[in-house]
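**Student:** What would the 3D arrangement of this be:
(chains A, B, C and D)
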There are 4 protein chains.
Amino acid sequence: MTLSDRYKQVRRRSELICSPLQVEDYVVQPIVDVSPPKWHLGHTTWFFETFILKPYFMGYQDFDPDYNYVFNSYYETVGARVIRTDRGNLSRPTVQDVYKYRAYVDEAMYRFLCGDISPELNELMVLGFNHEEQHQELLYYDIKYILGHNPLFPAYDANYKSLKIEKSGSDTFISIPEGIYEVGFAGEGFCFDNELNRHKVYLNDYQISHNQVTNGEFLEFIEAGGYLDFRYWHAEAWDWVKTNAIASPLYWHNIDGQWYNYTLRGLEPIDLDEPVMHVSYYEAYAYASWKGLRLPTEFEWEVAANKFKWGKSWEWTESSYLPYPGFAKAPGALGEYNGKFMVNQKVLRGASEGTPPNHSRPTYRNFFHASSRWLFNGIRLAK
Amino acid sequence: MTLSDRYKQVRRRSELICSPLQVEDYVVQPIVDVSPPKWHLGHTTWFFETFILKPYFMGYQDFDPDYNYVFNSYYETVGARVIRTDRGNLSRPTVQDVYKYRAYVDEAMYRFLCGDISPELNELMVLGFNHEEQHQELLYYDIKYILGHNPLFPAYDANYKSLKIEKSGSDTFISIPEGIYEVGFAGEGFCFDNELNRHKVYLNDYQISHNQVTNGEFLEFIEAGGYLDFRYWHAEAWDWVKTNAIASPLYWHNIDGQWYNYTLRGLEPIDLDEPVMHVSYYEAYAYASWKGLRLPTEFEWEVAANKFKWGKSWEWTESSYLPYPGFAKAPGALGEYNGKFMVNQKVLRGASEGTPPNHSRPTYRNFFHASSRWLFNGIRLAK
Amino acid sequence: MTLSDRYKQVRRRSELICSPLQVEDYVVQPIVDVSPPKWHLGHTTWFFETFILKPYFMGYQDFDPDYNYVFNSYYETVGARVIRTDRGNLSRPTVQDVYKYRAYVDEAMYRFLCGDISPELNELMVLGFNHEEQHQELLYYDIKYILGHNPLFPAYDANYKSLKIEKSGSDTFISIPEGIYEVGFAGEGFCFDNELNRHKVYLNDYQISHNQVTNGEFLEFIEAGGYLDFRYWHAEAWDWVKTNAIASPLYWHNIDGQWYNYTLRGLEPIDLDEPVMHVSYYEAYAYASWKGLRLPTEFEWEVAANKFKWGKSWEWTESSYLPYPGFAKAPGALGEYNGKFMVNQKVLRGASEGTPPNHSRPTYRNFFHASSRWLFNGIRLAK
Amino acid sequence: MTLSDRYKQVRRRSELICSPLQVEDYVVQPIVDVSPPKWHLGHTTWFFETFILKPYFMGYQDFDPDYNYVFNSYYETVGARVIRTDRGNLSRPTVQDVYKYRAYVDEAMYRFLCGDISPELNELMVLGFNHEEQHQELLYYDIKYILGHNPLFPAYDANYKSLKIEKSGSDTFISIPEGIYEVGFAGEGFCFDNELNRHKVYLNDYQISHNQVTNGEFLEFIEAGGYLDFRYWHAEAWDWVKTNAIASPLYWHNIDGQWYNYTLRGLEPIDLDEPVMHVSYYEAYAYASWKGLRLPTEFEWEVAANKFKWGKSWEWTESSYLPYPGFAKAPGALGEYNGKFMVNQKVLRGASEGTPPNHSRPTYRNFFHASSRWLFNGIRLAK
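**Tutor:** I've put the predicted structure just below:
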């Protein structure tokens, strides 16, 4: 596929994800973690404008110089930015303006991509694709949050098809013997800087589950009083449970004694056989603790990943998000990409049904704060 | 004018105020005090549906029962409500849905108003009109805040005409002699419960200014270091100044040494001859204190009101918002209207250019918290 | 009494109030409103050192120049100060050091008072006495809070005698006819600047209760669900009730179905015949509202004060704390004394059993925020 | 040494550490992390009373049943507790009462220890000793914070002798070759549950510094603008720097252009040759990042620990505090000891001059939140 075709494919997919939205849905920001969909559309465009067009495309004119201020995210290197909590207060640029901005930048990009593209620029383009794909996944999370926290519970798409992963018939665990293993990305193709360098780790004997924990299994934890017993929780998790009155996964609603789940199709009775989703690391740990088990480390997960099916939802690991041996930040603004988040975050492995095609690999290191629950994630146990 | 004609006039005016808005502008809530414009449009409609149609129009069907939850404001009597800070997180109902809701209720109201209307219902209708007119004024405040806090500074209406009030040639003060005066509403026509009962007050000799304080005069206060000298401020005002880094009226911006003002026409150089607007009571008091003067009480204002021109912007008084002798709350939900705010609020008198025609009178008691600045208000001095 | 004798009397009384305390009790600050007792002892000393000795006593040497930083309260004019919430973090100066500081300043004061004292200085001395007497009353409030919020409920003085005020036999109200009345301080003796200038007010007919509301009467309000029904409360009061889970006066504890009250003697069953104490203005208003009555204004209180017994506890009025006609702040640091608090405070009238002898008069204007409950205060009703 | 002798030794040392304090110093809690010294003295006593005397010493009578409420810390299993931020509000029990409590429990313990002590109880006793020794170290941290944040900067002990560690003459790094290493506690003697199980890890080639970073070296970072350049900081660290206006290590004061350091001897000019102390993990990381280096992992530290001198101050590692393979919580209240903190904490290795004799070993895993700076800690670099 040419760079230009790939560009078109990625850019279209972002807009496709937003196609069921009303204008109003693009605008709001109910919590700090969630960004308004129009912001994602603008920010991914700003990335190509700022890092490709402005430095490399002679004679390129900004669409609007104020947009740098509005659509810059965390890139401290590139000028002032709208602080994150303010994004939901911005009615302008309008959704239509953002689409015009996308069209303007796309048109310039197509012209630019007709020229010679150096290997360095090619690499930057690929980073831009992967960056926009990450925001595509965030778009799913954020749209679900916006609609799922509206008292009218509007559907995103009444015909939305969830990914179904066949359960392994066996409930036994996969056993992996003690020894030296290699982890981290190697080979061709794109990866993020945080997956480099492939290196050796020593693992003890361990076992990891064939299947993710289901809604039905998690319901047993609730019914056994798991949210009420501090013994299963980390100290800071227990504070979090009490302060936020957490008593079930996000999007679960107990209505007249019956459990419902907000899905992208709207409010539905809970499907007990489906993997549980939208639990924080705190909850995943507490559940494992209640079962007398534990979560796998990210290396245990990676080493065993070819032995079970994954991809329905990201899986919390026991690992903290830390640099691999020899990790070094890239110079300049792009160097801010990953390294600066390497404190107080837990690693998730796998992929989710919101992950773009070809955007997943067994070495991918996703990361979120231990309290996050609005991402598409679940639980796999180890011992 | 028939009730039906009056209804149409009021309802149209709300929509007219919103006509320059983009869909996105209807949705956001940058601070707790500001409500999204679509909420105002829905809430004023909910008022007629809840207090007129549902109790009095046989066979009326709610437009949508969930709207009570969304558009109820502070009326604790009438069921659960969306807490105020959440209004800006609601993308649904859409703006179009809200306009449909208005059309649906309006259509029912026109049919209802063809029937016999009892004097009690007539009174309730008039309250509904005045309620919607209050929200029309809030619409101006809130729209200005939403657009004026956007980094792109979009105009509400590039041709918006501010109200001009001819300055009195004389800078001298109006003198009012000591004695017993009557204050409060008397006579025909509508007034709020807080303006009743007309009663006697004893005033000492006082003087009140012909004109409001101008931008130019207020600029002298800034340049004299008024915001930096605690001696002019109340203790809690001084904390407010420091905590919020207040250094000028709201909407003033010092860009490269030149003062600009966001108006409904967009960002403009400050007009020194215009009355200063968007100052808190704290600032009005500090300004007066710096001048060696004071603010009038609400009764001083009312007694002298026929001797000066007013109506450009509400005027802070020294008075706290307290009940008049014999004040009694109406029974039921409407009784929540005014009385429950009678603590920790300052009274403003007059009217503003955002006040609907015929919605002002010299006995009108407006009230806001001492720190509020997003309303259309200014300063008149006394001694 | 000579100035010197009066000085000794006032200074001794502060130390007498603290005499039952343990060293540790002098140090803590459980809430912002409460100051550590050793701070009161230091601050009142600092007042004489700063305003009398340093400017007027030739050759006076500071006890310790750092104490200005530690014991200055809100006097912005006189240099940097320890922010109020930090007072409870200071273990030094020790209690013993503070008593040494008192002795050092007292010794200098006695020498100073042997000389000629100008009328201006005499006036300043009298202000210093009244200032220390105000802090004596705060000492009672703060000590009660410190001990009454300790899980061990230590007594201040197991033999503490509460003030008993004979109930008027009659439950009828005192009637005052409509007319012009004079209010404010006049005559000889000390008063604060906020009580000046005596001036005329016009009052409508009103009635005011002979007696304060009792614990038994207030218990009826609790048992009738008064804390659970928003209709009796101001809007901001209702938020306060819910946010702070307020369900009874401060110091009331329901233990196994029986109501107890922490008094300066320790925890005791509630005495139903005693006046209720430690209720906020919000609660006083809600109680009155539930009874279909109201609180008196400060002028109604003052005009009728010679017709009922008062002095057990301060009485909330409906009045906000505002300047009297012609009020002017004194120049310099002492001008900060009262005026800067004249916003968002309610006036209380009367006196309490913690008020020093000769420190009360019918024109005295006490003031606190509407949510305050740790002062010695109660409720008198009007209609 | 007999158990009884060891008990006496440990118990005496806690009181010895407090011997220079004034009564007032025992009481305050300036920040949540700091506990009042009297609380440490009571809590360590409560530990022996609760886990030894009450379950195992027939006929033992509590000193005061309310003390469980006051001196329980985080042991959720053992009844209600005073929430941590409230500790500084408690004037009672007095310091003298706490010493009486200690004497009472000690006396019972000596009698108890005359009897037969089972191996399980022996183990519990050793845990109690180590627990009290941990609090001895916290006593140093907390006392330093209490005195060092007092505006009078009182000395803890004017003759306090800091630990001096001879600098290695060489500035070169120690090189460790790639390979499998064993980490974790093995052998005789006490260790905490978090140091078990000794297990294999695979390390890449690395180098670790002979010496800790000095005040002089850290000053270069400050002077080079290290606190002003986001590029050296994690994203959340940068927020922390800006929110808290962090610009130097804790206890550093720039007075008239000269850097001073609060030490246990009082305020002193900074000694440039001494190791820098009181920096958060955030700052340690930023410093390393500015130098183009990094912090060691806890395993790199442990493997090389016999090749450099340590013990002056704890050393931040890059490692997060996570369970070792096979880690399992003990059952019951003691199981809360370590495991429940294994999220969002960074590991420190080594020991400090505040660490009790014989309380350090190369496998010891200390842990604090990344923002903590009041502990005795410093920086060692790796590459």
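**Student:** what residues does the stretch 251-383 of chain A put near chain D?
**Tutor:** Where the stretch 251-383 of chain A comes near chain D, counting by C-beta under 8 Å from any C-beta of the partner chain, the residues are A:281-282, A:285, A:294, A:318-320, A:322-323, A:325-326, A:335-336, A:340-344, A:346, A:370. From N, CA and C alone the C-beta is placed, and that goes for glycine too.
**Student:** Write the ChimeraX selection for whichever of these are buried.
**Tutor:** Written as a ChimeraX command, the selection of buried residues from those, which uses 16 or more other C-beta atoms under 10 Å in any protein chain shown, is:
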select /A:281,282,285,294,318,319,320,322,323,325,335,336,340,341,342,343,344,346,370
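**Student:** Return the subset of the residues of the stretch 251-383 of chain A next to chain D lying in strands.
**Tutor:** Counting by DSSP state E, these place A:Glu318, A:Ser319, A:Ser320, A:Lys346 in strands.
**Student:** so the second one sits right up against A:Glu302, yeah?
**Tutor:** No: contact between A:Ser319 and A:Glu302 fails when scored by C-beta atoms under 8 Å: they sit 10.0 Å apart.
**Student:** low-scoring stretches of chain A, by residue?
**Tutor:** In the predicted model, chain A carries pLDDT under 70 at residues A:74-85, A:330-337.
**Student:** Show me it divided up by domain.
**Tutor:** A:3-148, A:173-378 (automatic domain parsing).
**Student:** Can you say which of those is nearest to chain B?
**Tutor:** domain A:3-148 (3.8 Å; C-beta to the nearest C-beta).
**Student:** From one end of that closest one to the other, what's the distance?
**Tutor:** With C-alpha to C-alpha, to the nearest Å as the measure, the first residue of domain A:3-148 is 37 Å from its last.
**Student:** Adding distance to C:Glu236, write the domains of chain A out as TSV.
**Tutor:** What follows is the domains of chain A, written out as TSV (distance: least, C-beta to C-beta, whole Å):
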stretch	distance to C:Glu236
domain A:3-148	25
domain A:173-378	24
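**Student:** For the residue in the stretch 201-350 of chain A positioned nearest to chain D, list the residues it contacts.
**Tutor:** Relative to chain D, the nearest point of the stretch 201-350 of chain A is A:Ser320 (3.5 Å; C-beta to the nearest C-beta). Contacts were defined as C-beta atoms under 8 Å, 6 or more residues apart in numbering or on different chains; by that measure A:Ser320 touches A:Asn344, A:Gln345, A:Lys346, A:Val347, D:Ser320, D:Leu322.
**Student:** same thing with A:Gln212?
**Tutor:** A:Gln212 makes contact with A:Ile165, A:Pro275, A:Val276, A:Lys312, A:Ser313, A:Glu315, A:Gly378, A:Ile379, A:Arg380 under the criterion C-beta under 8 Å, 6+ apart.
**Student:** That one and A:Ser352: what is the separation?
**Tutor:** Relative to A:Ser352, A:Gln212 is positioned 11 Å away (C-beta to C-beta, to the nearest Å).
**Student:** and what of A:Pro275?
**Tutor:** Going from A:Pro275 to A:Ser352 by C-beta to C-beta gives 10 Å.
**Student:** residues shared between the contacts of these two?
**Tutor:** In terms of C-beta under 8 Å, 6+ apart, A:Pro275 and A:Ser352 are both contacted by the residues A:Lys312, A:Ser313.
**Student:** Can I take it that A:Trp259 is in a strand?
**Tutor:** Yes: following the definition DSSP: H, G, I helix; E, B strand; the rest coil, A:Trp259 is counted among the residues of a strand.
**Student:** residues near it, how many?
**Tutor:** For A:Trp259, the tally of surrounding residues (other C-beta atoms under 10 Å in any protein chain shown) stands at 16.
**Student:** That one bridge partners, please.
**Tutor:** Using DSSP bridges, the bridge partners assigned to A:Trp259 are A:Asn254.
**Student:** Let me see the contact set for it.
**Tutor:** Shown here is A:Trp259, whose contacts under the criterion C-beta under 8 Å, 6+ apart are A:Leu219, A:Ser248, A:Trp252, A:His253, A:Pro269, A:Ile270.
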